[in-house]
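Trainee: only the shape, not the letters, is given here:
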């Protein structure tokens, strides 16, 4: 499989810029920064369309049906990654078959002490 020019560029940006930056900070801070960057990218005209198109093309023929529900592919994102459902639109671009949000509770909870990740 060969990567197109834009994919190669994104790989270089990740390897040379983002990954070293993320490894300088706490895992939780890196998590939030990465997701905020994805949200920012999703708001750039054409980026969301381009990423969704790539995900759909990669997932052709991988549909699965479980308990009467049909998913575009069997790879999902488990609860806990986006516990407040802040990033659903941005996560949709990545091509997951499903995204589970939560855990949802009647009242907001502070969670475990840091570091959490």
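Mentor: The structure has been received and is ready for your questions. Worth saying up front: this structure is predicted, and the values here are computed from it rather than measured. Numbering: from 1, shown residues only.
Trainee: contacts for the longest helix along the chain next, please.
Mentor: With DSSP state H setting the assignment, residue counts place helix 27-42 as the longest helix in the chain. By C-beta atoms under 8 Å, 6 or more residues apart in numbering, the residues outside helix 27-42 that reach it are 18, 21-23, 25, 47-48, 51, 82, 86-87, 89-91, 93-94, 114-117. In short, each C-beta sits where N, CA and C put it, glycine included.
Trainee: can you tell me the average pLDDT over it?
Mentor: Across helix 27-42, the average pLDDT comes to 91.
Trainee: mind listing the helices for the protein?
Mentor: 5-13, 19-22, 27-42, 47-59, 88-92.
Trainee: and those as a markdown table, adding mean neighbour count and distance to residue 73?
Mentor: Shown next, in a markdown table, are these (neighbours: other C-beta atoms under 10 Å; distance: least, C-beta to C-beta, whole Å):
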| stretch | mean neighbour count | distance to residue 73 |
| --- | --- | --- |
| helix 5-13 | 11 | 19 |
| helix 19-22 | 12 | 26 |
| helix 27-42 | 14 | 19 |
| helix 47-59 | 14 | 4 |
| helix 88-92 | 15 | 13 |
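Trainee: out of these, nearest to residue 75?
Mentor: Closest to residue 75 of the helices of the chain, according to C-beta to C-beta: helix 47-59, at 8.7 Å.
Trainee: can you tell me the centre-most residue of this protein?
Mentor: For the chain, the residue nearest the mean C-alpha position is residue 91 (4.0 Å; C-alpha atoms, centre = their mean).
Trainee: neighbours around the residue nearest to that residue when sequence neighbours are not counted, how many?
Mentor: Ranked by C-beta to C-beta, 6 or more residues apart in numbering and with sequence neighbours excluded, the top spatial neighbour of residue 91 is residue 99, at 5.1 Å. When neighbours are defined as other C-beta atoms under 10 Å, residue 99 has 17 of them.
Trainee: isn't residue 99 up against residue 93?
Mentor: No: Residue 99 is beyond contact range of residue 93, at 11.0 Å (criterion: C-beta atoms under 8 Å).
Trainee: show me which residues of stretch 65-80 are buried.
Mentor: Residues of stretch 65-80 classed as buried: 71-73, 77 (neighbour count, 16 or more other C-beta atoms under 10 Å).
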